[in-house]
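A.B. asks: Have a look; sequence and predicted model below, questions after that.
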Amino acid sequence: MTTATAALPIDETLAPSDVAGAAEIVREAAAARRAIYPIGGGTSLRCGLVSTKPGIGLSTTGLTRVIDYPARDMTITVEAGMTIARLAEILAAENQQLPIDVPQAGEATIGGVIATGMSGPRRYGYGTIRDYVIGIEAIDGRGTVFHAGGRVVKNVAGYDFCKLLTGSYGTLGLITHVTLKVRPRPETMAVAFCGAFHPKMAEGLFEKLITHSVLTPVGLEFCTQRDSTDASDCPFVAVMLEGSQAEVAWQLEQWELAKHGSGIGGGRTLVGTDATEQWSRFVEFAAAGSAPLMLKFGVPSSQVIKMAQLVLDIDPTSLIQAHAGNGIVLAHLPGLAPTAAAKALISQLRPAAVAVGGHVVVWDTATPHEFTSQAMWGSLGSSLPWMRAVKQQFDPHGIFNPGRFVYGD
């Protein structure tokens, strides 16, 4: 058993080399009412509740092939065990990209990214992973292989079905292959920083960039910690710009205007390889295991700074990175013991997020046993019975990831 899977009650791990073999494993497990724990790269296994039901680890490491790549159609179909890094290499050969930022890309698989609904800083400009899934194949809890969507971008028949599996945390079935729409790679990119010595300064800059500026960044970040290259004062704002050389140069001019209009001077700009390396550091902030506890907030973009400040009030040692344009706030809370963190989440942080129309979940924790389902995921209200009904349709015997997601056991 690897370190990545040690938290799961796995008796054995199987890695079928084709879909037929995977389906047979699921059928046998369903007949025996034996739990199955889907495993991709193992990078997000600390997200979710503790399961106590022994079962099989079903790995997708044997499912890594390219099924179809009509590059001119800007789509690619691959098996779900392919890593994000390998997918990027294949697309780069055709000067294309899947613009989804994923930490630990050398281990994370495309199936795992879809199952967890992972998306990073560039979601501001490009959207989330579910915006790129146009076809999917999976195995349900009976061992039946099913399909949705297609290989053509105009095919919309299965779009809702694809989105249903996205973010389902491996509880509705094992994703075996996917069809993705892709984008051209930009000619160049730049990352520009500036210090925001007071939260109100950052708040004013974000309002200007999001509401009043002609600037079109693909990423817009707010960070409370000094980055490892000492590129900016702390806290700081960073924007990522992509396009042709002329487009990026023009956008940098607009960035300077917006920055100075908010009373902020100085800063630094990285271009090309330097910018790519810096952006990778932002992406890795969300890597599992990088802190004892990480919370993920979703709030209106206008509330990002206020939410970050509340986290810092509760734990001044917190490290925060926000995808400010999308209202996503990631917070490491190293200064709180697990019990204290759970109490702060329930009594202060979640009520504050809900009050502004948002939510917060435990994205990663070394101590999942300290959290109940409601503490981990929040209250789902009237949507929970619907979700359980969907779970029943896909996995009637409850063999996929029992107890780890919102449904309970």
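C.D. replies: It's in.

A.B. asks: Need the phi and psi values for the residue nearest the centre of the chain.
C.D. replies: Centroid-nearest residue in the chain, with CA atoms, centre = their mean: residue 118, separated by 1.9 Å. Residue 118 has phi and psi values of phi -70, psi 140 when expressed as degrees, to the nearest 10.

A.B. asks: Now do it against residue 330, distance only.
C.D. replies: 12 Å (CB to CB, to the nearest Å). Placement of C-beta: from N, CA and C, glycine included.

A.B. asks: how about stretch 275-289 as CSV, C-alpha atoms only?
C.D. replies: Presented in CSV, the C-alpha positions along stretch 275-289 are these (Å, rounded to 0.1, in the frame of the first residue of the first chain):
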residue,chain,number,x,y,z
ALA,A,275,6.4,33.7,-15.7
THR,A,276,5.6,30.0,-16.3
GLU,A,277,7.8,29.0,-13.4
GLN,A,278,6.2,31.5,-11.1
TRP,A,279,2.7,30.6,-12.0
SER,A,280,3.5,27.0,-11.2
ARG,A,281,4.3,28.0,-7.7
PHE,A,282,0.8,29.5,-7.4
VAL,A,283,-0.7,26.3,-8.7
GLU,A,284,1.1,24.1,-6.2
PHE,A,285,-0.3,26.1,-3.3
ALA,A,286,-3.4,23.8,-3.6
ALA,A,287,-1.4,20.6,-3.5
ALA,A,288,-2.7,18.0,-1.0
GLY,A,289,-0.5,17.4,2.0
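
A.B. asks: chain center to it: distance?
C.D. replies: 12 Å (CA atoms, centre = their mean, to the nearest Å).

A.B. asks: Which positions in it come out as buried?
C.D. replies: Of the residues in stretch 275-289, those buried under the neighbour-count criterion (16 or more other CB atoms under 10 Å) are 275, 278-279, 282-283, 285-288.

A.B. asks: Flag whichever of those residues scores worst on pLDDT.
C.D. replies: Per-residue confidence across those is lowest for residue 288, with 73 (pLDDT).

A.B. asks: Show the contacting residues for it.
C.D. replies: 43-47, 103-104, 364 (CB atoms under 8 Å, 6 or more residues apart in numbering).

A.B. asks: repeat that with 6 Å
C.D. replies: 43-44, 46, 364 (CB atoms under 6 Å, 6 or more residues apart in numbering).

A.B. asks: Doesn't it lie inside a strand?
C.D. replies: No - per DSSP: H, G, I helix; E, B strand; the rest coil, residue 288 lies outside any strand segment and is coil.

A.B. asks: What lies in contact with the helix or strand that contains residue 176?
C.D. replies: Assigned by DSSP states H and E, residue 176 belongs to strand 174-181. The contact list for strand 174-181, computed with CB under 6 Å, 6+ apart, reads 19, 38, 67, 74-77, 79-80, 98, 111, 114, 132-139, 151, 153.

A.B. asks: Buried subset of the residues you listed as a ChimeraX selection?
C.D. replies: Buried residues within the contacts of strand 174-181, by 16+ other CB under 10 Å, are selected in ChimeraX with:
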select :19,38,75,76,77,79,80,98,111,114,132,133,134,135,136,137,138,139,151
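
A.B. asks: Break the protein down into its domains, please.
C.D. replies: Following automatic domain parsing, one finds the domains of the chain at 1-185+379-409, 188-284, 293-377.
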